[in-house]
Each structure stands twice: as structure tokens, then as C-alpha cells.
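S.K.: below are the sequence and a predicted model; questions follow.
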Protein chains: 2
Amino acid sequence: MTTPQQAPGETRPGGRTARTRQAVLAAVLEELDEGGFGELTMEKVAQRSGIHVATLYRRWRCIEGLVCESLTDLSGSVPLPDTGTLPGDLHALARSIVAFYGEPRMRRLIEAVVSAAARDPQAATVLRTFFEERLPLAGRMVERAVERGELPPETDPVEVMSALGAPFYYRMLIARRPVDGRLAESAATAVWAAARAGAYTKKGSGPVDDATGPHAGATS
Amino acid sequence: MTTPQQAPGETRPGGRTARTRQAVLAAVLEELDEGGFGELTMEKVAQRSGIHVATLYRRWRCIEGLVCESLTDLSGSVPLPDTGTLPGDLHALARSIVAFYGEPRMRRLIEAVVSAAARDPQAATVLRTFFEERLPLAGRMVERAVERGELPPETDPVEVMSALGAPFYYRMLIARRPVDGRLAESAATAVWAAARAGAYTKKGSGPVDDATGPHAGATS
């Protein structure tokens, strides 16, 4: 009865299983606060959470799986705004992303998840599945913008949301610097301008009305 | 006499030291072809390259350091275009990035590097230093665009180049799908539109002339 987004043990949300899960995920975060992913082990999580290590192995198979579930569990809680305009929504979501990853433990968590996915195919599937489910939800703001006439009808909502997220992951994982409000501002402004210019249309259709200026032709 | 971009053993480019380095970096790639980062060890690289493992440890300290140097060594060879227009340069560079990371071994390498950086502060420094040196070089294309009047004078070249690269790393590390020509097209088109709209100006200055259309005011 479990689906990809449903973790083992999630079938009884209010019960002992759910409490176990919360204790374990909290322990993962606390361990990451202290040591980073390189030092994280199932045994440490078991000790801190008070859950038997055999239970952890049975439910999450490996530390990679556990770390991925921690991220998906937490980042699923980032609110999806509905301010009435797409620029408003983009700026609000970008600020929420900064608030989320502004905490060092969350930055360590995403590093741990990407490391886990590089080493463990099952962790990679958890990560990919999470974003495959989350992006279309966030993409609702793009669909609403298309309905309002703010964007070209062929705009791909998932591409727009991927483009909004990309600068934050680049900043943390590649540039290796913290995210900040300036990045949120820049990311939201950039995606709005690019989406209006037709950069995220489903089949490479042209720019919308006057949104791109006289040089736009040079891009194709 | 070594500088951050200079690896140990690079002081005699044509000599035995350089040949050793090339053999070791080639062995890293071949090992990644076969097993991924999870199975990579100094011992395997030593065996494949024919270089003594003590030499590897002396020069690179850990497998993380070696993997980071492999990436910086290889990606430094991606050509920086000068086509005469910024859109032309952005599209050319985006296509080069796709050609580079289109190879599965390169994708495995960037995964390995990000994992390494998550676990080893020295590897993180190598990665950050590489991008800190590489981005301003690539940013020359933005400076030329500003000189030609294509972009607002306050445009930050490093921010523009970061924005161009971000979607590729997001695609590989987070969405966990391969990069392709369509992404190159979208990334270049998006950055051009966003840069013209003033998304990457140094102190949040406004959009340039008519490049953003009537809705631009809603972004601020």
C-alpha cells in the first residue's frame, strides 16, 4: 500500500509509527548539526532517537535513504504562495526557499542528500521522485499566471519552477556560499523576465508580445 | 610557489610530474566509468595508473581532493566563446556545457565532486576556488556586452555566469536527469532576457530601457 511519496511507516499518521518516524528524522537533523554527512551513521541516529538500529535498517535500508526522506519531509513544508500575480508568487517562494536553506542544518542536509544520491540509486530515486511530485504542485502558480494572461500559454510550469530553484542549489552546492535575500530577489526577477521572454515554452515557441525588447531576435 | 589553481606537481608541465598527474586523472575517470564515486578509492586509482599509492596520498591527501582536481582540470578546457554578441556567446557556452556534461562520466564526476565537497573541507575549497577563478574569466563575455551597450553597465558578470550554469547543475544533481540541447537553449535565452531586465545588476538597479515589457514594475 505504500506509494513512492509515502515512507514506510507513514500509513498510520497519528500512531506509534509516525512518532517513531518523527523521532528518527529529528535525530538525523541533530546529528547533521553536530557532524555533517561524513560522520552520519545509522548507529548514531539509532542512539540519539532511541529507536533500535534494526528498525532503522528495516525501514530505511541505508543512511542515504534516511537522509533523503528527511529532506523531502521538511521541504514539503515550504508554503506555495498565491499572491494574485506571478511576480508576487515568485518573490514569495524565493524568499521561502532562502528562509529554508538559510539554516546551516538545511544546507548540510541538501549536501547530504546530493551525496547520498550520488552513491545510492534508491536515494537518487527518492530525490528525483520528490522533485517530480513537488514541481508540478509549485507549477500551479505558473498555470494561474497563464490563465491571467501574464505568460505565453505554451509555458512549461515545471521548467519555470526548476529555473526558480536552480540558482539556490548552484549557490549552495557549487559556489559553496550561503543563500541570501539578494539571491532570492535576483532569482525571482530573472525567472519572471525569462518566462515572459518565452525561455520556458514547451516547444521552443517565440517570445511573448513586447516583453523581450529589440535584441530578442538575436537569441534564436 | 604553488597557487590555488596550481595542483601539486604542476610546476614542471612537460616533465615526469605532469605525466604522473595526467595518468592519475585519467585513471580517476576510468574508475568512475566503471563504478561511480561510492566505489572509488585511492588504491584503485593507484593500481590503474601504475602510480604508487603513497605518491597519491602525498600529493592529493584524499580521494576527495583527487576527484575535485579531476573536474577542475577537465572543465577548465571548456572554451570561452567570443562571437560578437552576448546572446551568441551565451548560446555557444551553454552548448559547450551540454557537450561537456552530456558524457555520463562527466556527470558522475560532478556528482563525485559535490559529494567530496560535502565531506571534505579541502575538497570544498578546491571547488569554490575553481569557480571563483573560472567565473570571472567567463564573465569577460558579459563585460564585452556591457561595452557594446547590450546590457546595463551595473551588470555583475559573475552573477550572469552563475545564472547560466545553474540550470545544468540543477538538472544533474537535483532533478537527476541528463542535460540536453533544449536545456542549453532555454538557459541561454533565459539569462539573456533576465540580464537585460536588470536581474543581475550589482546593487539591484532597475531594468534597462524597453527590455522588460509593461509588467516589469510588478517585480520590485
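M.R.: That came through, no problem.
S.K.: and the longest helix anywhere in chain A, what does it pack onto?
M.R.: When chain A is parsed with DSSP state H, its longest helix is helix A:16-35. In this structure, helix A:16-35 packs against helix A:42-49, helix A:53-60, helix A:63-75, helix A:104-119, with contacts taken as 3 or more Cβ pairs under 8 Å, 6 or more residues apart in numbering or on different chains; DSSP states H and E. In this view, the C-beta of every residue, glycine as well, is placed from N, C-alpha and C.
S.K.: now do the longest one against helix A:16-35, angle only.
M.R.: Yep, that's helix A:104-119 we're talking about. With axes from the mean of the first three to the mean of the last three Cα atoms, to 10 degrees as the basis, helix A:104-119 and helix A:16-35 are set at 100 degrees to each other.
S.K.: check which residues of helix A:104-119 are buried.
M.R.: A:106-119 (16 or more other Cβ atoms under 10 Å in any protein chain shown).
S.K.: what's the following helix or strand after it?
M.R.: The helix or strand immediately downstream of helix A:104-119 is helix A:121-138, counting by DSSP states H and E.
S.K.: re the thing from before, how about residues contacting the longest helix of chain A?
M.R.: Here helix A:16-35 makes contact (Cβ atoms under 8 Å, 6 or more residues apart in numbering or on different chains) with A:7, A:9-12, A:39-40, A:44-45, A:48-51, A:55-56, A:60, A:66-67, A:69-70, A:73-74, A:104-105, A:108-109, A:112.
S.K.: please repeat the previous calculation with a cut-off of 6 Å.
M.R.: Outside helix A:16-35, the residues within contact range by Cβ atoms under 6 Å, 6 or more residues apart in numbering or on different chains are A:9, A:40, A:44-45, A:48-49, A:51, A:70, A:73, A:105, A:108-109.
S.K.: what is the rounded mean pLDDT of that helix?
M.R.: Averaging pLDDT along helix A:16-35 gives 88.
S.K.: next one: stretch A:47-64
M.R.: On average, stretch A:47-64 scores 91.
S.K.: likewise for stretch A:112-122?
M.R.: Stretch A:112-122 comes out at a mean pLDDT of 83.
S.K.: ditto for stretch A:176-195
M.R.: On average, stretch A:176-195 scores 96.
S.K.: roughly how far does the residue nearest to A:S49 when sequence neighbours are not counted sit from chain B?
M.R.: Nearest non-adjacent residue to A:S49, counting by Cβ to Cβ, 6 or more residues apart in numbering or on different chains: A:A27, 3.7 Å away. With distances taken as Cβ to the nearest Cβ, to the nearest Å, A:A27 is found 19 Å from chain B.
S.K.: any idea how far A:A27 lies from A:L56?
M.R.: 10 Å (Cβ to Cβ, to the nearest Å).
S.K.: swap in A:L173?
M.R.: Taking Cβ to Cβ, one finds A:L173 at 27 Å from A:L56.
S.K.: same thing with A:L71?
M.R.: 17 Å.
S.K.: the helices and strands packed on helix A:16-35: which one's closest to A:D156?
M.R.: helix A:63-75 (21.6 Å; Cβ to Cβ).
S.K.: need the contact partners of the closest one.
M.R.: Taking Cβ under 6 Å, 6+ apart as the rule, helix A:63-75 contacts A:7, A:25, A:28, A:40, A:42, A:60, A:109, A:112-113, A:116, A:120, A:122-123, A:126-127, A:130.
S.K.: from those, which two are the most distant?
M.R.: Farthest pair in those (Cβ to Cβ) is A:M42 and A:F130. Separation: 21.1 Å.
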